[in-house]
Every structure is written in C-alpha cells, then in structure tokens.
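>>> what follows is a predicted structure for the sequence shown.
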Number of protein chains: 2
Amino acid sequence: MSTAPESPDTPVRRPLRKDAERNRERILAAASEVFAEHGLAASLDDIAHRAGVGVGTVYRRFPDKEQLIDALFEDRVSEMVALATAALEIDDPWDGLVHFLTRALELQAADRGLKEVILSTVDGRSRVAGGRERIAPIVGRLLDRAKAAGVVRQDVELPDLPLLQFALGAMADYTREVAPETWRRLFTLVLDGLRATGPDATPMPVRSLDQDELEQAMLCAGTAMARRRRNA
Amino acid sequence: MSTAPESPDTPVRRPLRKDAERNRERILAAASEVFAEHGLAASLDDIAHRAGVGVGTVYRRFPDKEQLIDALFEDRVSEMVALATAALEIDDPWDGLVHFLTRALELQAADRGLKEVILSTVDGRSRVAGGRERIAPIVGRLLDRAKAAGVVRQDVELPDLPLLQFALGAMADYTREVAPETWRRLFTLVLDGLRATGPDATPMPVRSLDQDELEQAMLCAGTAMARRRRNA
DNA sequence: CGGTAAACGGAGAGACTTCTCAACTTCGTG
DNA sequence: CACGAAGTTGAGAAGTCTCTCCGTTTACCG
C-alpha cells in the first residue's frame, strides 16, 4: 500500500522483464502469422510452438485466447477506422465508397483472422472493444453521401455492407491458396450492381437487416469457440 | 460358394432385418435435420441421439461419417442436376440462368450441409461421387447460351458461378437464424452486375480460375475433417 | 417355441482442443 | 554474487470429436 502504487488506472504496472517482453513480441508475431493463415480457430499450441515458447508462457501473458486476439487486432481495427476516415476525404462520393470497400476487402483477404475479428462477436460483445461500433458510423456517412449524390442505389442500406464484406471475405478464404486475387472478379460484379443504373435495376426482393439483426447474425457466427464457452 | 451368392455386383446382399431398416431410416432422417442446421461439422453423437439410437448403430450402418454424408446427399445432388436441366428448357437464356442460380441458392440456403457437400471435396475426390462433375457441364451450357445471346457479360466464366454460390451461401449461413432471406439482396446486386450493361461495365481486374484451380480451392475448403484424416 | 446370426448400445481409445499448475530457470538488484 | 521475484515449461485435466469393441438384446426361421 505504501509502496507508491501507480494511480489506479495507469496502464503501466511495471515494465515487464526483458526476456518476458521479448517473448511477448514473439508470441504476438507468431499469432499474427498463424491467425492470418488459419483463422482464429488456430490452436495456441501452434502459436506457442511457432513463437518458440511453451503454451504456459502464452497463457501467462494473455489470460485466454480471446485476449490474445484482442491485443493482436486492436491496431488493425484502428487501421480500418483510419481507412474509412481517409475515404471520406476523397471528393468523389463513389470513389470514396469504392476505395474504402476495396482496401477493407484487401486487408481481410490477406488476413483470415482480421476478417473473423471484424465480422463476428462473442457473447454479444464485439471482439476488440467496440470495433464495429467505431467503424459503422463513418461508413454510414460514406454510404449516405454516395446515395445523396445519386451514384449508389437508394435501396442499399448500411447493414448490407458488412454482409457484402462477409460474403466476399468467405470467397477470398476459399481461393486464397490458389489465386488470392480472385475475389476481385465477384467484387467487380457487385460494384456494378451497386451503382445506380436507372430503371433497369432489379428491385430488392426483401428488406435489409437492421442494426440489431446484424448484431444477432454476428453472434451466431461465433461458431465453435462460443459454443464451448456457453456450455462451461 | 455353393449357396447361390447373388451375382457379384448385385446391390442387394440380404434384405436387412426389419429393426435395422427402421433404424437406418431414422438415422438418415436425423442426419438430414442436423446437417441442414449445423453443417457437416455436426457430431455423430448428436445425430445418433436425435435418431434415438446409439453411436455404434450409426457406425454399423455407415462405415464412417463420409459415407453417411454420401448416402444422404446422393439424391439431393441429383436434384441439382435436374434443376440445371430444367433451366435449360426455359427459352429465355437469361431467365434460364437466373432460375437455376436462384433455385440452387434457395436449396443451399435452406440446407447448410448441402452447400458444403457441393462446394468442397475431400482427398480431391468430390463427395457424392461426381457431384460437381455432373452439374458443371449443364451449367456450362446454361452460361454459354446466355453469353451467346449477349445477355450476360462476356468476361464471366463458368468457374465464377460456384464461387458466387459459395460467397452467397456463406452469407446465407451468416444470416440464417435472423432473416434467412437476406442473401437475396446481395444476389440482386450480383445479378444486375452479371447482366451485360454495355460500356459502363467495369472490366474484370483479374482472370478467372480455371477448372483445376477451382478443384484445388475446394480441396482446401475440406477444413478440419480433412486435416485430421491426413494426419492419421 | 428355441437357437443363432444379426443388430444394438454405450463405454472407452486416441486425437484434438483450451487452459492450469507445480517444479524449474533466469533476470536484475542490493 | 546471491537471492527473491518474475518468468518459463510441458505434462495433464477436462472438454470436444471420430470410430471400435464386445457383452447384451432381438428378429427371424425351422
């Protein structure tokens, strides 16, 4: 008590021993590679092995798999936010939207883990505190601007965009090892369909998901890991 | 030898005891439900339990999970073939193609297992002997006809179609529990993009997968079960 | 009926997870 | 330079899964 504890919410408790810090970096680097390749389902044994440490070390540094994922993808998510913000600065509303979608998809196609982090939630709380919550409003403005300018179909809604990302991301996973750029073909088709094309656009057959429903959908996508936690 | 064995390739060896036959049906029915809901990753314990039999009984009837899947989806795949054939009989080439894609997607959206059976292979051999091999040429004719009539973009290739199905199927899985028809929105966009729209169509940025590459991609999609088998 | 081959069930082997813990090693400081 | 706190380790607990084995039950045929 008298040993001058840092103010209660100071992030630095004590500067981590040199070897520990080095191992932390190694673990993060290994996790980055492994998750990018195999998705979040990759095992911690694999990661520990690739980092050259024992599993125990991983668990000493990160209380559980979920928090390792959080630590890893925190800045990746910020990167996505920056991306959306930058896209808002492009003058042409169409170019802005397309630029964002393209770059976001490129990131997701290159990193299977990132895709899963962004498009699924666990226990209803999104992974990486408020990831989607931060991105959504910016993308919302991007979309509204394009619709206002009349360059995007009026009946496209904000929740359609993550779904689009999910679908194309899934396809990118599918073809990753063979020809990782193939998703761009389907993306081209979608983009042409997204564009306001006057009267020959087919009307939407069903209404869009709303925000809550989208959240629900993401929850279900939590798959195996979530189920296991539920049972315990 | 002298006990008059049926001719060597006769399918009927002996007409299965009454209770055995009844259980076989139950297992198939249970598997159908469970696979449709949870995909092929569903456990055989679940299936056995829902069928009201022990796991042992399942394994007595079907040597392994793969063969249960085969038995179950054999006629579903034939259904898909029939679908494509029927679509060829629609006079309008555009309507024919759209009809097939729509119906196929409807089936896949309603049955998670079916999607996985059609779009993935194990050990390079497609599940349900020659499933894709039977469907592909018919769909090929469907697509060629539409391209020849000038109603579909010239730069769309046959391997693009299963990829499209995969992407939309993944999205259907995602939203299944919340609003199972939502995939139709993205499908609308894609369809509008697929249509030959004259000079405002964005050119394809990368070439299509060829048949071999598609096969490769499917192989990778075999995921966990395939990996396990590889190790053993 | 009664005998027997067929069918059944579920415990358990073996492979895979995530996560824990007690014994050992190393850092860095007084 | 020695000693305590911090860090490391890998075996193992408890949970998934697939698939096997064998003691018990059941349908069928004479």
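Alright, I've got the coordinates. Note that the coordinates shown come from a computational prediction; the quantities given were computed from them, not determined experimentally.
>>> could you point out which element follows the longest helix belonging to chain A?
If you go by DSSP state H, chain A has its longest helix at helix A:65-88. Following helix A:65-88 in sequence order, the next helix or strand is helix A:93-110 (DSSP states H and E).
>>> in that following helix, what's buried?
By neighbour count with 16 or more other Cβ atoms under 10 Å in any protein chain shown, helix A:93-110 contains the buried residues A:93-94, A:96-105, A:107-109. For every residue, glycine as well, the C-beta is placed using N, CA and C.
>>> cool, and stretch A:199-208?
For stretch A:199-208, the neighbour count (16+ other Cβ under 10 Å) marks A:Ala201, A:Met204, A:Ser208 as buried.
>>> tell me how far it is from the chain's mean position?
Relative to its parent chain, stretch A:199-208 has a centroid offset of 28 Å by Cα atoms, centre = their mean, to the nearest Å.
>>> repeat for stretch A:201-220
18 Å.
>>> what's it in contact with?
Under the criterion Cβ atoms under 8 Å, 6 or more residues apart in numbering or on different chains, residues A:119-121, A:124, A:126, A:132, A:153, A:155-160, A:162-163, A:193, A:226, B:174-179, B:181-182, B:184-185, B:188, B:191-192 lie in contact with stretch A:201-220.
>>> sort out for me which of those residues are in helices.
A:119, A:132, A:160, A:162-163, A:193, A:226, B:174-175, B:184-185, B:188, B:191-192.
>>> may I see those organised as CSV, with pLDDT, neighbour count and distance to B:Pro15 added?
As requested, those are exported to CSV (pLDDT from 0 to 100; neighbours: other Cβ atoms under 10 Å in any protein chain shown; distance: Cβ to Cβ, whole Å):
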residue, pLDDT, neighbour count, distance to B:Pro15
A:Leu119, 86, 23, 51
A:Arg132, 83, 22, 58
A:Asp160, 97, 21, 54
A:Pro162, 95, 22, 54
A:Leu163, 96, 22, 50
A:Gly193, 94, 23, 55
A:Ala226, 51, 16, 46
B:Tyr174, 91, 23, 45
B:Thr175, 93, 26, 45
B:Arg184, 98, 18, 46
B:Arg185, 98, 25, 50
B:Thr188, 96, 20, 51
B:Leu191, 96, 20, 49
B:Asp192, 94, 20, 54
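>>> would you mind listing the two of these that lie farthest apart?
Maximum pairwise distance among the ones in helices among the contacts of stretch A:201-220 (Cβ to Cβ): 35.4 Å, between A:Ala226 and B:Asp192.
>>> ok, back up a step: looking at the ones in helices among the contacts of stretch A:201-220, which is nearest DNA strand D?
Among the ones in helices among the contacts of stretch A:201-220, A:Ala226 lies closest to DNA strand D (Cβ to the nearest atom of the strand), at 12.8 Å.
>>> what's the spacing between the spatially most central residue of chain A and A:Val128?
Chain A has A:Ile118 as the residue nearest its centroid, 2.4 Å off, counting by Cα atoms, centre = their mean. A:Ile118 is 8 Å from A:Val128, where distance means Cβ to Cβ, to the nearest Å.
>>> intersection of neighbour lists for those two?
Here A:Ile118 and A:Val128 have A:Val77 as joint contacts, going by Cβ under 8 Å, 6+ apart.
>>> what residues sit buried inside stretch A:139-153?
Across stretch A:139-153, burial judged by 16+ other Cβ under 10 Å covers A:Val139, A:Leu142, A:Leu143, A:Arg145, A:Ala146, A:Lys147, A:Val151, A:Val152, A:Arg153.
>>> er, stretch A:163-179 actually
A:163-176, A:178-179.
>>> cool, stretch A:209-221 as well?
A:Leu209, A:Glu213, A:Leu214, A:Glu215, A:Gln216, A:Ala217, A:Met218, A:Leu219, A:Cys220, A:Ala221.
>>> now, these that are in helices?
A:Glu213, A:Leu214, A:Glu215, A:Gln216, A:Ala217, A:Met218, A:Leu219, A:Cys220.
>>> output the below-cut-off pLDDT ranges for chain A.
Confidence mapping of chain A against pLDDT under 70 gives the ranges A:1-13, A:123-126, A:129, A:220-232.
>>> near DNA strand C, which residues of it? Just list them.
By Cβ under 7 Å from any atom of the strand, the residues of chain A that approach DNA strand C are A:17-19, A:41-46, A:55-56, A:59-60, A:63-66, A:225.
>>> one step back: the buried residues of stretch A:163-179 also near chain B: which ones?
Restricting the buried residues of stretch A:163-179 to those within reach of chain B (Cβ under 8 Å from any Cβ of the partner chain) leaves A:Leu163, A:Leu164, A:Phe166, A:Ala167, A:Leu168, A:Ala170, A:Met171, A:Tyr174, A:Thr175, A:Arg176, A:Val178, A:Ala179.
>>> looking at these, which is nearest DNA strand C?
A:Arg176 (19.6 Å).
>>> would you list the phi and psi of that closest one?
phi -50, psi -50 (degrees, to the nearest 10).
>>> any idea how far DNA strand D is from it?
Counting by Cβ to the nearest atom of the strand, to the nearest Å, the separation of A:Arg176 from DNA strand D is 25 Å.
>>> A:Val156 too?
A:Val156 sits 38 Å away from DNA strand D, going by Cβ to the nearest atom of the strand.
>>> now swap in A:Ala148 and tell me
Applying Cβ to the nearest atom of the strand, the value for A:Ala148 to DNA strand D is 49 Å.
>>> the nearest residue to that residue once chain neighbours are set aside: what's it in contact with?
Closest residue in space to A:Ala148, ignoring its immediate chain neighbours: A:Pro93 at 7.5 Å, by Cβ to Cβ, 6 or more residues apart in numbering or on different chains. Residues in contact with A:Pro93 (Cβ under 8 Å, 6+ apart) are A:Leu142, A:Arg145, A:Ala146, A:Ala148, A:Ala149, A:Val151, A:Val152.
>>> from those residues, pick the one nearest chain B.
Closest approach to chain B among the contacts of A:Pro93 (Cβ to the nearest Cβ): A:Val152, at 10.6 Å.
>>> sorry, back to before: quick check, the longest helix of chain A touching DNA strand D?
No - contact of helix A:65-88 with DNA strand D (Cβ under 7 Å from any atom of the strand) is absent, the minimum separation being 13.2 Å.
>>> who are the packing partners of that helix?
Applying 3 or more Cβ pairs under 8 Å, 6 or more residues apart in numbering or on different chains; DSSP states H and E, one finds that helix A:65-88 contacts helix A:18-38, helix A:44-51, helix A:93-110, helix A:112-119, helix A:131-148.
>>> swap the cut-off to 10 Å and go again
Applying 3 or more Cβ pairs under 10 Å, 6 or more residues apart in numbering or on different chains; DSSP states H and E, we find helix A:65-88 packed against helix A:18-38, helix A:44-51, helix A:55-61, helix A:93-110, helix A:112-119, helix A:131-148, helix A:223-231.
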